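Novice: fold the stuff below for me.
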Amino acid sequence: MKAKHYKDIAIKYAKDVVSGKQIAGDDIINACKRFLEDLKRKDLEFRTTQPDAAVSIMEGMFVHRKGEALDGTPLLGKPFILEPFEIFITYNLLGFWYKGTNERRYKEGLIFLARKNGKTSFIAAFSFAVGIIQRKSGSTIYVVAAALKQAMESFNFLVFSLKYKKIIDDFEVHDNSFEHSIKYEFKTADGRPDGTLEIQIMASNPDAQDSFNCNFAIADEVAAYKKPSQYNRFKEAMKSYTNKLMIGITTAGDDMNSFGYDRMQYAVKVAAGIVKDDSFFSFVARADQDEKGNVDYTDPIQHQKANPNYGVTIRPQDMMNDALQAQNDPRVRKDFLSRSLNIYTAALKAWFDIEEFRASDRKYNWTIEELAKLPIKWYGGADLSRLHDLTAAALFGTYKNVDIIITHAFCPVVMAVHKSEEDNIPLYGWMDDGWLTMANTPTVNISDIVNWFIGMRKMGFKIAMVGHDRKFAGEEYFPAMKKAGFKIVDQPQYYYLKSQGFRHIEKAAKDGRLYYLHSEAYEYCVSNVAAVEKTDDAVQYEKVKPEMRIDLFDASVFAVNASIKAAEKNKQLDGWWSDK
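Specialist: Residues are numbered from 1 along each chain as shown. Take a look at the predicted model:
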């Protein structure tokens, strides 16, 4: 196909998606709307030279290493022809430039596709093409994954094509236990140096990646990354380049408190225009979810929305068969949702469906200032078990049958970096959003917790009592709260006592009567709760994983239990003075 037609394919794909002619989910529709609007921007130029060259290189140099067409025809050695959505991605990433400059617009992006949509082969070919295009800058490309085996998929695809085209001897290829790389030195017709290309394949080891220097990096299967540093170290390696590019590619996972999930959420917000990031490209293909997070997973339309290669590498009948198995066998449903429909699912041990919480929370929109003025009796709770780590406080009240939870976290600044990096807790984001106070001390400053309750009271919150476990309250907290005039109630952390508050919050969320001021910090903690049902409907809960945190949820349970205890006392008093 002539290069001049590639641009037309990209634009047609975007228009077909927006018009509904091409089936796609909301996130892809937003990406296409953004693309069409960007073509009209006065500060951008849409240059086709680089994307034309990239598509030509990908389709001209590379062949399929394995697989079959839908009719069963073997694909081994067949030309690697890009699909319209892949051409669309290429023209986005390489086509937009700031007007009158040599600076390309996109520096980073996320390509979020379900399994078997060809993302690894596409991005490997794309990285090779970009390396050739930017050879005069000395192209160095890293392809990394959480596991070396995954990263080697890209390497094997590239090497196979070079062998098939019988040009492997022109390249310096290393494939051993120490290095997996492809290198090439370009020369002009008269023998002068004309740039270099180097592609290195590796597993992402955050503890050994401080000295790299590259202009392009591919982070494969981001959903499997345990720490943000596995991604960020490579992003930082590009600081000496203007036209750098960091691309994450992944399929959904089952950890909704992971770096991969955060990247996906960020990409969705950028495409929707909620977050303004002109340098970030987003292509997120997933099935639609309703307000409670449910997916109509037997609907072929949803299969197509999550799989741009539906009918190409994705066999419709196979998808439907897998969907029906998922319907009949709940044990395989989770994997079908995450791998085939690209929907993040909660960990198997997690008790709550976080989407139920979000659906309930979205129904209400009181500000904290408005809540302070309402005629509500508030009850407090404090989780004080680890003052050198994350600590939490909460208020609970009910208004017009809506249960309202306000939470705040506290963390020592000396631990914040460690907790953010090692345990993947977004503490700095919480601080920016006003949900966390960072103490400039080795441990949490008790006065910060007390002052939070005092500040809420000064704002107008009528706090009847505050619950805590005195075993963990320390020598400072209790007298400081008493001195401030708060009524304190002891709440030992016995599971059968905490179960009351747990069940109360659970029911309010399921009934759509829970509001927590859209706090992502609270959602994080709720998502990490694992639980086991005991006798008499009691629940014993803990963290899903040791490195995760549930402190804000714990504090809200204390607050709810304080409310329950007060209600029970009032009932007893009513009974005492009753004439019955």
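Novice: show me where the stretch 301-450 of the chain has strands.
Specialist: Applying DSSP state E, counting those that start in this stretch to the stretch 301-450 of the chain gives strands spanning 377-383, 391-399, 402-412, 436-439.
Novice: show me what the second one is packed up against.
Specialist: Secondary structure elements in contact with strand 391-399, counted by 3 or more C-beta pairs under 8 Å, 6 or more residues apart in numbering; DSSP states H and E, are strand 377-383, strand 402-412, helix 446-459, helix 551-577. Every residue, glycine included, has its C-beta placed from N, CA and C.
Novice: apply 6 Å and report the result again.
Specialist: strand 377-383, strand 402-412, helix 551-577 (3 or more C-beta pairs under 6 Å, 6 or more residues apart in numbering; DSSP states H and E).
Novice: likewise the third one?
Specialist: Taking 3+ C-beta pairs under 6 Å, 6+ apart as contact, the helices and strands that strand 402-412 lies on are strand 391-399, strand 436-439, strand 514-515, helix 551-577.
Novice: just say which of the helices and strands packed on strand 391-399 is most tucked in.
Specialist: Ranked by mean neighbour count under mean count of other C-beta atoms under 10 Å, those are led by strand 377-383, which reaches a mean of 27.
Novice: direction included, what does it pair up with?
Specialist: strand 391-399 (antiparallel), strand 462-468 (parallel) (DSSP bridges).
Novice: buried deepest among these, which one?
Specialist: Mean neighbours per residue, mean count of other C-beta under 10 Å, is largest over the strands paired with strand 377-383 for strand 391-399, with a mean of 25.
Novice: off-centre distance for it?
Specialist: Counting by C-alpha atoms, centre = their mean, to the nearest Å, strand 391-399 is centred 27 Å from the centre of its parent chain.
Novice: and that strand, average pLDDT?
Specialist: Computed over strand 391-399, the mean pLDDT rounds to 93.
Novice: quick one on the thing from earlier: tell me which of the strands of the stretch 301-450 of the chain lies nearest to Phe336.
Specialist: Among those, strand 402-412 comes nearest to Phe336, with 33.4 Å by C-beta to C-beta.
Novice: ok, residues contacting that closest one?
Specialist: Here strand 402-412 makes contact (C-beta atoms under 6 Å, 6 or more residues apart in numbering) with 390-397, 427, 436-437, 439, 441-444, 448, 452, 508, 513-516, 521-522, 552, 556.
Novice: looking at Gln572 now. What's its pLDDT?
Specialist: Per-residue pLDDT puts Gln572 at 56.
Novice: correction: the previous question concerned Ser240.
Specialist: 86.
Novice: now do Pro330
Specialist: 73.
Novice: same thing with Asp551?
Specialist: On pLDDT, Asp551 comes in at 89.
Novice: just the one 3 residues further on next, same as before
Specialist: Looking at Asp554, its pLDDT stands at 91.
Novice: also Gly138?
Specialist: pLDDT for Gly138: 89.
Novice: pLDDT of the helix or strand containing Ala219, averaged?
Specialist: Here Ala219, judged by DSSP states H and E, is contained in strand 216-220. If you average the pLDDT over strand 216-220, you get 91.
Novice: nearest to Gly100, out of the strands paired with strand 377-383?
Specialist: Taking the strands paired with strand 377-383 one by one with C-beta to C-beta, strand 391-399 is closest: 51.4 Å.
Novice: give me the contacts around the closest one.
Specialist: With C-beta under 6 Å, 6+ apart, strand 391-399 has contacts from 374, 376, 378-383, 404-410, 444, 449, 452, 551-552, 555-556, 559-560, 563.
Novice: kindly recompute the last result at 8 Å.
Specialist: Contacts to strand 391-399, defined as C-beta atoms under 8 Å, 6 or more residues apart in numbering, come from residues 371, 374-385, 403-411, 444, 449, 452-453, 456, 461, 463, 525, 551-552, 554-556, 558-560, 562-563.
Novice: dump the strands paired with strand 377-383 to JSON lines, plus distance to Asp38.
Specialist: Shown next, in JSON lines, are the strands paired with strand 377-383 (distance: least, C-beta to C-beta, whole Å):
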{"stretch": "strand 391-399", "distance to Asp38": "43"}
{"stretch": "strand 462-468", "distance to Asp38": "51"}
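Novice: so, low pLDDT: which residues of the stretch 101-250 of the chain?
Specialist: Along the stretch 101-250 of the chain, the model assigns pLDDT under 70 to residues 206-211.
Novice: who touches stretch 168-179?
Specialist: Looking at what lies outside stretch 168-179 - C-beta under 8 Å, 6+ apart - the contacts are 155, 159, 162, 180-184, 200.
Novice: need the distance between the two termini of that stretch.
Specialist: 17 Å (C-alpha to C-alpha, to the nearest Å).
Novice: please identify the buried residues of it?
Specialist: 171, 173 (16 or more other C-beta atoms under 10 Å).
Novice: that older thread, how about the helix or strand just after the strand holding Ala219: buried residues?
Specialist: Tracing the chain past strand 216-220, the next element assigned as helix or strand by DSSP H and E is helix 229-236. Buried residues in helix 229-236, defined by neighbour count with 16+ other C-beta under 10 Å: 229-235.
Novice: before we move on, what about stretch 353-365?
Specialist: Buried, per 16+ other C-beta under 10 Å, within stretch 353-365: 353-361, 364.
Novice: please apply the same query to stretch 186-198.
Specialist: For stretch 186-198, burial by neighbour count (16+ other C-beta under 10 Å) applies to 195-198.
Novice: make TSV out of those residues and add secondary structure.
Specialist: What follows is these, written out as TSV (DSSP: H, G, I helix; E, B strand; the rest coil):
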residue	secondary structure
Gly195	strand
Thr196	strand
Leu197	strand
Glu198	strand
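Novice: show me which of those is closest to Val312.
Specialist: Leu197 (29.3 Å).
Novice: now do the contacts for that closest one.
Specialist: Neighbouring residues of Leu197 by C-beta under 8 Å, 6+ apart: 128, 131-132, 135, 139, 141, 182-184, 186.
Novice: cool, and Val275?
Specialist: 266, 269.
Novice: report the separation between it and Tyr266.
Specialist: 7 Å (C-beta to C-beta, to the nearest Å).
Novice: mind listing the strands for the stretch 101-250 of the chain?
Specialist: Using DSSP E, counting those that start in this stretch, strands in the stretch 101-250 of the chain cover 108-112, 139-145, 172-175, 180-187, 193-203, 216-220, 245-250.
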